[in-house]
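[1] Model the following, please.
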Amino acid sequence: MNGLYTALMCSFDEQGNINEKGLREIVRYNIDVSKVDGLYVNGSTGENFLISTEAKKKIFDIVKDEVGDSVKLIGQVGALNIDEAIELAQYATDLNYDAISAVTPFYYKFEFEEIKDYYNTILENVDNDLIIYSIPALTGVNMNLEQFGELFQNEKVIGVKFTAPDFFLLERLRHAYPNKLIYSGFDEMLLSASVLNIDGAIGSTFNVNGQRAKQIFELAQNGQIEEAREVQKVTNDLIAEILTNGLYQTIKEILKYKGVDAGFCRKPMKTLKPEGLAKARKIAEKYL
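    Down below sits the predicted model:
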């Protein structure tokens, strides 16, 4: 399960319906052009929290059908409704997804014991491995070293998608739990995380910048830090311009520039105005 995974985008039409043809093209672009090791399906980048349970299942179906066994698949199943999380976990497992992942429950200020019960309850109902999705900036859930350790006591919890700029905690996790998988979740900090001996990364911009991300990861593993730093610099120039213009919308427009039917973002996400579309095209021409 080591390596780089794209946090997969989903193509929607202007009414917010899944565009199957476009989704398949995004999958193929990631495998054939970006050359990533796997796909992280129905995460934040896939606009997962804006769609129905049935839509999430349909996306799991389409991606698995397009991928087969050519790359690894991780299905994000986390939901505030734990019954939905279990249902999706079972669904992805039945489709032979290699692992499931679940975001920490959010919105309500859950105590750690409730979070621990959430993960254990999901795993009592499914025969698959699970990767914790920790993104404190969006969920408000901050866990310390000891709390991660309590979650890792469940042998089915095999790792964490660590999306936080806390390199002290990342270093502590690496040394305390060498047998657990740690994936970096911040694309702009991939080099910094890689030198701490992470096992891989899961990123949104890998949809269009996967080759550079892989270069950074592999150069760092080989100790070629100066070369990796140069690639991270270009990557961060790209990411800075994407963020200024709108993260998901701009990535979709770059994919369109590359001939991929990436569709639109679901409301309430905005649609880029003509100047935003022009900016996205310039970013694509400049960096990709």
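[2] Isn't residue 90 up against residue 126?
    Yes: shown here, residue 90 and residue 126 form a contact pair, counting by Cβ atoms under 8 Å, at 5.3 Å. Just so you know, the C-beta spots here come from the backbone N, C-alpha and C atoms, and that holds for glycine as well.
[3] Who has more neighbours out of the two?
    residue 126 (21 against 17; other Cβ atoms under 10 Å).
[4] how about that one, phi and psi?
    In this entry, residue 126 is assigned phi and psi values of phi -150, psi 140 (degrees, to the nearest 10).
[5] same question, the one 5 residues further on
    Torsion angles at residue 131 (phi, psi; degrees, to the nearest 10) stand at phi -110, psi 120.
[6] pretty sure residue 22 is touching residue 264, no?
    No: in terms of Cβ under 8 Å, residue 22 does not count as a neighbour of residue 264; the distance is 9.6 Å.
[7] By mean pLDDT, flag the weakest helix or strand of the protein.
    The weakest-scoring helix or strand in the chain, judged by mean pLDDT, DSSP states H and E, is helix 136-139 (a mean of 95).
[8] Output it as PDB, nothing but the C-alphas.
    Only the C-alpha atoms of helix 136-139 are listed here, as PDB (Å, rounded to 0.1, in the frame of the first residue of the first chain):
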ATOM      1  CA  PRO A 136      -7.900  19.000  11.800                       C
ATOM      2  CA  ALA A 137      -8.200  22.200   9.800                       C
ATOM      3  CA  LEU A 138     -11.500  21.100   8.400                       C
ATOM      4  CA  THR A 139     -12.900  18.800  11.100                       C
END
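[9] Any buried residues in the helix or strand following that helix, and which?
    Where DSSP states H and E defines the elements, the next helix or strand beyond helix 136-139 is helix 145-152. Within helix 145-152, the residues that qualify as buried are 148, 150-152, counting by 16 or more other Cβ atoms under 10 Å.
[10] List just the nearest of those to residue 186.
    Set against residue 186, the nearest of the buried residues of helix 145-152 by Cβ to Cβ is residue 148 (17.4 Å).
[11] list the contacts for that closest one?
    Neighbouring residues of residue 148 by Cβ atoms under 8 Å, 6 or more residues apart in numbering: 132, 160, 173, 177.
[12] What of residue 72?
    1, 3, 5, 37-39, 98-99.
[13] quick one: average confidence on stretch 247-254?
    For stretch 247-254, mean pLDDT rounds to 98.
[14] Contacts for stretch 51-71, please.
    8, 10, 18, 20, 23-24, 27-28, 31, 36-39, 41-42, 46, 48, 73, 75, 84, 87-88, 91-92, 95-97, 266.
[15] cool, and stretch 221-234?
    By Cβ under 8 Å, 6+ apart, stretch 221-234 touches 190-191, 194-195, 212, 215-216, 219-220, 287.
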